[in-house]
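Chemist: Generate coordinates for the sequence data below:
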Amino acid sequence: MALTILILRLAVCILASPVFLLNFLGLWNRICKKCFPYFLRRFTVTYNEQMASKKRELFSNLQEFAGPSGKLSLLEVGCGTGANFKFYPPGCRVTCIDPNPNFEKFLINSIAENRHLQFERFVVAAGENMHQVADGSVDVVVCTLVLCSVKNQEQILREVCRVLRPGGAFYFMEHVADEPSTWNSFWQQVLDPVWFLVFDGCNLTRESWKTLERASFSKLKLQHIQAPLSWELVRPHIYGYAVK
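Modeler: The predicted structure is shown next:
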């Protein structure tokens, strides 16, 4: 099986050789950073339609973590185009972080469409280093479809714990590796190297639930599901929240 995966990987990489060449020349990353927000804008519309019930379920108790003032302070890491905004409660104070500055103009549009929120600021930074956000300064951190592409999952979760106040919560919804020995797992392994390049660092084979289980949260509520998505490769999902 391992040899078959290796041979098929090689074949797929040969077919995708122009992308690998652009990456070798240092051009692909710049192209991807500019083009990926346009793709994600279209993808997240479909994703929200297919995952709306799960997102409403996930975010249904956000307000329970509001501070003494009753205002919920929320930090979204890897905010993308702001696809989660419509699921947040009215009056929520939102700060967004993303390493790609090209998302800002899409965020502005999402802010205009979601006036029930109080938008604070957009910070260009990676989730592994959120030094612009003070220790214990937010009630909730949200991270959806992000852990698949970060460079260091352990570090980003340490940063999440740092910026959360005691008793604050981390909400997540992520696609993950399928169960071993399934055909979907097989194709995830075959396509992962090309997928990683084409989709701006996204990995198909990460077992992100294991990293969450090892993190220093006092409580973890996590569910595995097969999401009702058109793309079978990303149907395996985890979602839930963890309390600091």
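
Chemist: Compute the number of surrounding residues for residue 107.
Modeler: Residue 107 is flanked by 21 other residues according to other CB atoms under 10 Å. All C-beta atoms are positioned from the backbone trio N, CA, C, and that covers glycine.

Chemist: So it is in contact with residue 122, correct?
Modeler: Yes. Between residue 107 and residue 122 there is a contact under CB atoms under 8 Å: 5.8 Å.

Chemist: Next, show the common contact partners of those two.
Modeler: Common contacts of residue 107 and residue 122, defined by CB atoms under 8 Å, 6 or more residues apart in numbering, comprise 79, 96.

Chemist: in this protein, which spans are helices?
Modeler: Ranges of helices within the chain are 2-15, 17-24, 28-58, 104-113, 153-163, 183-198, 208-214, based on DSSP state H.

Chemist: Mean confidence (pLDDT) on the strand ranked longest in the chain, please.
Modeler: Secondary structure assigned by DSSP state E gives strand 164-175 as the longest strand of the chain. In this model, strand 164-175 has a mean pLDDT of 96.

Chemist: How far away from the center of its chain is that strand?
Modeler: The chain centre lies 12 Å from the centre of strand 164-175; the measure is CA atoms, centre = their mean, to the nearest Å.

Chemist: in its sheet, what does it sit against?
Modeler: Partners of strand 164-175 in the sheet, by DSSP bridges, are strand 138-144 (parallel), strand 236-243 (antiparallel).

Chemist: Could you look over those strands and pick the most buried one?
Modeler: strand 138-144 (a mean of 25; mean count of other CB atoms under 10 Å).

Chemist: before we move on, the earlier item: of the strands paired with strand 164-175, which is nearest residue 31?
Modeler: For the strands paired with strand 164-175, proximity to residue 31 was assessed by CB to CB; strand 138-144 is nearest, at 24.6 Å.

Chemist: That concludes my questions; thank you for your assistance.
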